[in-house]
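Visitor: What shape does this take:
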Amino acid sequence: ITNLLTEDNLPSYHRELADTFGFDNAWGTWVGRWTAEENRHGIVLRDYLVVTRAVDPVALEEARMSHMTAGIAKPEKGSQFLKGVAYVTLQELATRISHRNTGALCDDPVADRMLARIAADENLHMIFYRKLCAAALDLTPDEAMRAITDVILRFQMPGLNQPNFRRNAVLLAKHGVYDLRQHLDVVLRPTLRIWRIFERTDFGPEGEIARDELHTYLLDLEVKAARFEEQRDRALARAAARV
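Guide: All right, here's what the predicted structure looks like:
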């Protein structure tokens, strides 16, 4: 349901992408195609949940109306293009992981295949954006590094304002769908490694400052991820002992 409601908010995402990238030439084609492909994800997820009677359709529709009415907007102003490219790179990868792990936990071969196919789409989207961000680092290294740092330090998934998101996010983390460890080890670190963030020698003073901020943040996130894993392991052990 969380994955579906996130896909449902496409009008907001389309508006924000169009505002960030524009509709000129290839950008307009990309934004329209991306929106159409993501809409396909929402269609198949809803069909699956309704046909299998895995959800209350009335409650789901109420949640959709609430989420789409609230919408979503860019959290910051300034350097929107670079921040937009950095954000969607990480967001698409995080979404891929969430869909793939959800499918694996469903214990249903149909759901597993469906979500694996959706995850494959998200991966292609991510690669496109990741290459754009890599090119931006080569063209304007300081500005791109600042954008990447700002996005990572304030990163939030686009479904943040959907009903019960925080409670559901805790459940997702508890059951290994998406948690701090995955965010750090499967999203942030591999992407930063591909961009060669901590190997580059072309940053000026501003880029170096941004990279240092990011390094400090990653160290702190490692501590938080380890702490969360310890707490989750203790909670699961207590639950198992009660059974």
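Visitor: remind me which residues of this protein are low pLDDT?
Guide: The chain contains residues with pLDDT under 70 at 73-79.
Visitor: any idea which helix is longest in it?
Guide: helix 205-242 (DSSP state H).
Visitor: Output the contacting helices and strands for it.
Guide: Here helix 205-242 touches helix 141-153, helix 165-174, helix 180-182, going by 3 or more Cβ pairs under 8 Å, 6 or more residues apart in numbering; DSSP states H and E. In short, each C-beta sits where N, CA and C put it, glycine included.
Visitor: mind checking which of these is nearest Gln231?
Guide: For the helices and strands packed on helix 205-242, the distance to Gln231 is smallest for helix 165-174, at 10.0 Å, taking Cβ to Cβ.
Visitor: which residues touch that closest one?
Guide: Outside helix 165-174, the residues that touch it by Cβ atoms under 8 Å, 6 or more residues apart in numbering are 1-2, 98, 157, 159, 178-180, 228, 232, 235-236.
Visitor: Excluding chain neighbours, what is closest to the residue most central in space within the chain?
Guide: Using Cα atoms, centre = their mean, the residue of the chain that lies closest to the mean C-alpha position is Gln91, 2.6 Å off. With Cβ to Cβ, 6 or more residues apart in numbering as the criterion, Gln91 has its nearest non-adjacent residue at 6.4 Å, and that residue is Pro158.
Visitor: from what I can see that neighbour touches Leu17, true?
Guide: No. Here Pro158 lies out of contact with Leu17, judged by Cβ atoms under 8 Å, at a distance of 11.4 Å.
Visitor: Now do the shared contacts for those two.
Guide: By Cβ under 8 Å, 6+ apart, no residue touches both Pro158 and Leu17.
Visitor: now the strands: where do they sit in the chain?
Guide: Counting by DSSP state E, no segments of the chain form strands.
Visitor: how about the helices in it?
Guide: Assigned by DSSP H, the helices in the chain fall at 2-8, 10-21, 26-51, 57-70, 80-105, 109-139, 141-153, 165-174, 180-182, 189-194, 205-242.
Visitor: Can you list the neighbours in contact with the shortest one?
Guide: Contacts to helix 180-182, defined as Cβ under 8 Å, 6+ apart, come from residues 97, 173, 176, 221, 224-225, 228-229.
Visitor: Now with 6 Å, please.
Guide: In this structure, residues lying in contact with helix 180-182 by Cβ atoms under 6 Å, 6 or more residues apart in numbering are 97, 224-225, 228.
Visitor: Before I go, just wanted to say thanks for your time.
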